[in-house]
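[1] Sequence first, predicted coordinates after that:
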Amino acid sequence: MNQPAPANGPSRAIAIACNVGLALMLGVSFGACSKYGCQSTHLPESTGYTLAGITCALCLAMTIVATVIVVKHLRKESSAANILGLVATLGIGVGSTLATPFLWIMAASNMPNLGSFGGWGRPLRIGRRAITPDVKASSEWAKGPRPRVEGLDDETRSVLADLWLHDARKEHASVPAFGQVAWQLVALGAPSDLVRRAHISCLQEIDHAERCFALASAYAGHDLGVQAMPELSAGGAALPVDRTRALVKVATEALIDGALLEDYNAELAKTALCDVKDAAAREALTRIVVDEAEHARLAWDIIAFCLDEGGAPVSRALSETFARYGNNAESLYDPDLVRRVDALADKTPLYAHGRIRFEMAQPVFQLRKTAAGAKLAELLGVRRREHTGVAA
């Protein structure tokens with residue numbers, strides 16, 4: 001009577017399936033990071049961290065299963081194929097287990113490039129996400145001088161409408177962003193002058209938003225406004241309970257969003273004024289240049305307050321934050337909008353109606369970041385000498 005053949009041990013098919021699963025997990029997480037992490041609108045932070053935990057656990061489980069199977073086969077037969085299979089399994093498994101959660105976290109992490117252009121004003125952050133309002137047909141925010149649109153072809157008008165609408169949404173989001181700043185300054189016991197200037201900045205951003213919506217509406221041929229922003233219902237101005245950590249948060253955000261970004265935007269808007277012919281666009285940009293420069297000065301004063309209150313930890317955080325960001329100017333505009341701009345045979349009407357020359361972004365940013373770096377070094381040096389009692 002024939003005896004049943006002894007079992008050959010765990011199937012290699014299971015190990016292969018685990019390796020394929022690991023590769024798929026890595027590919028999906030990389031795709032998510034590319035889609036969300038490189039855009040201004042990121043995944044919700046809670047979603048990113050949840051998916052990071054789930055994928056890490058799944059990758060670890062598949063790595064263990066595949067490794068156990070390959071090791072059992074290797075103990076039975078020390079062939080080159082089995083050795084290679086073990087090395088490949090460990091490589092794919094360890095790499096996927098480490099990389100997939102990191103990629104999901106990056107998809108939900110808002111690490112802005114300070115050289116970004118496309119929209120003025122201070123970013124509105126909920127957690128680590130920068131958000132802007134959705135748009136609807138409305139005349140409630142389109143309040144400001146209207147441009148002359150005679151002589152503009154339909155595609156140029158459409159591009160101008162979308163460019164100014166993009167900026168209008170950014171300016172609108174800056175209103176609650178400065179509300180957050182004022183809230184946080186009060187929480188930290190900041191001087192009344194800083195709180196007052198933060199509230200004045202809110203009013204200035206309302207004016208900017210109205211002007212940009214008026215421009216966008218004129219180019220679009222109908223009034224445009226904003227929808228409700230339910231994301232704000234949960235707040236966004238919360239600070240860490242620990243005072244030093246709270247000072248670090250306010251100081252580093254002031255450095256990123258104010259001292260650097262708003263100063264850069266003011267200078268970039270100033271370059272656009274060189275080409276402007278339309279009166280309404282010129283008036284809007286002139287106001288933006290003046291106000292954004294003032295917002296940058298406010299940011300530096302907030303940084304000085306936080307340094308005085310927080311000392312060395314705040315100083316270290318500012319240095320690390322400044323060093324972490326790159327030197328490349330990148331567009332915040334939707335890629336499709338950038339392609340439409342590039343496709344225009346004659347871009348002169350864009351510049352005449354207040355739009356920046358994209359090629360100016362990089363040199364302007366390099367100049368402003370260099371200036372900011374020098375100012376930060378000087379400020380940190382002064383505070384260091386004051387705290388150590390060394391004469392200047």
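    Alright, I've got the coordinates.
[2] from here on, contacts and neighbour counts on C-alpha atoms
    OK.
[3] Got the phi and psi for residue 17?
    phi -60, psi -40 (degrees, to the nearest 10).
[4] Export stretch 193-212 to PDB, keeping only CA atoms.
    In PDB, the C-alpha atoms belonging to stretch 193-212 read as follows (Å, rounded to 0.1, in the frame of the first residue of the first chain):
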ATOM      1  CA  ASP A 193       1.000  95.900  20.100                       C
ATOM      2  CA  LEU A 194       1.600  92.500  18.600                       C
ATOM      3  CA  VAL A 195      -2.000  91.400  19.200                       C
ATOM      4  CA  ARG A 196      -3.300  94.700  17.600                       C
ATOM      5  CA  ARG A 197      -1.100  94.300  14.500                       C
ATOM      6  CA  ALA A 198      -2.300  90.700  14.100                       C
ATOM      7  CA  HIS A 199      -5.900  91.900  14.000                       C
ATOM      8  CA  ILE A 200      -5.100  94.700  11.600                       C
ATOM      9  CA  SER A 201      -3.500  92.100   9.400                       C
ATOM     10  CA  CYS A 202      -6.800  90.200   9.400                       C
ATOM     11  CA  LEU A 203      -8.600  93.400   8.000                       C
ATOM     12  CA  GLN A 204      -5.800  93.900   5.400                       C
ATOM     13  CA  GLU A 205      -6.300  90.300   4.200                       C
ATOM     14  CA  ILE A 206     -10.000  90.800   3.900                       C
ATOM     15  CA  ASP A 207      -9.300  93.800   1.600                       C
ATOM     16  CA  HIS A 208      -6.800  91.700  -0.400                       C
ATOM     17  CA  ALA A 209      -9.300  88.900  -0.800                       C
ATOM     18  CA  GLU A 210     -12.100  91.200  -1.900                       C
ATOM     19  CA  ARG A 211      -9.800  92.900  -4.500                       C
ATOM     20  CA  CYS A 212      -8.600  89.500  -5.900                       C
END
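[5] what about it, distance to the chain center?
    Centroid displacement of stretch 193-212 relative to its chain, using Cα atoms, centre = their mean, to the nearest Å, is 21 Å.
[6] How about residue 158, nearest residue that isn't a chain neighbour?
    residue 220 (6.2 Å; Cα to Cα, 6 or more residues apart in numbering).
[7] what ranges do the strands span in the chain?
    124-126, 129-131, 135-137, 224-226 (DSSP state E).
[8] Lovely, talk soon.
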